[in-house]
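Enquirer: Below is the sequence, then the predicted model.
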Amino acid sequence: MNKIYRTLVLVLYFLTSDAKKKHRKISSKPHIILILADDLGWNEVSWHNNRIKTPYMEELSEQGVRLKQSYVAPKCSPSRAALMTGLYPFRIGLRRGAIERFQATGLNTSIQILPQYLKTAGCKNHLVGKWHLGYCHAD
């Protein structure tokens, strides 16, 4: 859990640092930062539990949108697939288990995912962290 928080703090620092702001162009499009943290419980963030201190996540979420009702699978790949496709994991064959490195399976590349929709809308995309939706197709 500590590794997740350290990674999030580093990403948030980079995204909000003064050096980054100096070079940022003013855009009419919103900046979308989507954070999916494995094994992060509902009561493990400061806005749900005052004994937990997550000030950077809290500040970022106050300026954005907090999902208040969400459902996840007990494994990372099905949760990521649902978030990226908007489909229930069982509809795309990812109901159980994680897709491991070099496993000859993964998310069907014929299904359009969130970054593709955003790209067609003129947005730039970047992924930080693990993918866990398959690696065996050139697309």
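Expert: Done, it's in.

Enquirer: Name the next helix or strand downstream of the lowest-mean-pLDDT helix or strand in the chain, please.
Expert: Every helix and strand of the chain was ranked by mean pLDDT, DSSP states H and E. The lowest is helix 18-23, at a mean of 50. Once helix 18-23 ends, the next helix or strand along the chain (criterion: DSSP states H and E) is helix 55-62.

Enquirer: could I get that next one in PDB with only the CA atoms?
Expert: Extracted C-alpha coordinates of helix 55-62, given in PDB (Å, rounded to 0.1, in the frame of the first residue of the first chain):
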ATOM      1  CA  PRO A  55      -3.600  15.600   1.400                       C
ATOM      2  CA  TYR A  56      -2.400  15.600  -2.200                       C
ATOM      3  CA  MET A  57      -5.000  13.100  -3.300                       C
ATOM      4  CA  GLU A  58      -7.600  15.100  -1.400                       C
ATOM      5  CA  GLU A  59      -6.600  18.400  -2.900                       C
ATOM      6  CA  LEU A  60      -6.600  17.000  -6.400                       C
ATOM      7  CA  SER A  61     -10.000  15.300  -5.900                       C
ATOM      8  CA  GLU A  62     -11.500  18.500  -4.500                       C
END
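
Enquirer: Enumerate the positions of that helix that are buried.
Expert: Neighbour counts over helix 55-62 (16 or more other C-beta atoms under 10 Å) mark 56, 57, 60, 61 as buried. Bear in mind the C-beta positions are built from the backbone N, C-alpha and C, glycine included.

Enquirer: Let me have the residues you listed in TSV, extended by pLDDT and distance to residue 123.
Expert: Output for the buried residues of helix 55-62, formatted as TSV (pLDDT from 0 to 100; distance: C-beta to C-beta, whole Å):
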residue	pLDDT	distance to residue 123
56	90	24
57	87	23
60	86	18
61	85	20
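
Enquirer: Pick the one among these closest to residue 45.
Expert: Distance to residue 45, by C-beta to C-beta, is smallest for residue 57 among the buried residues of helix 55-62, at 6.1 Å.
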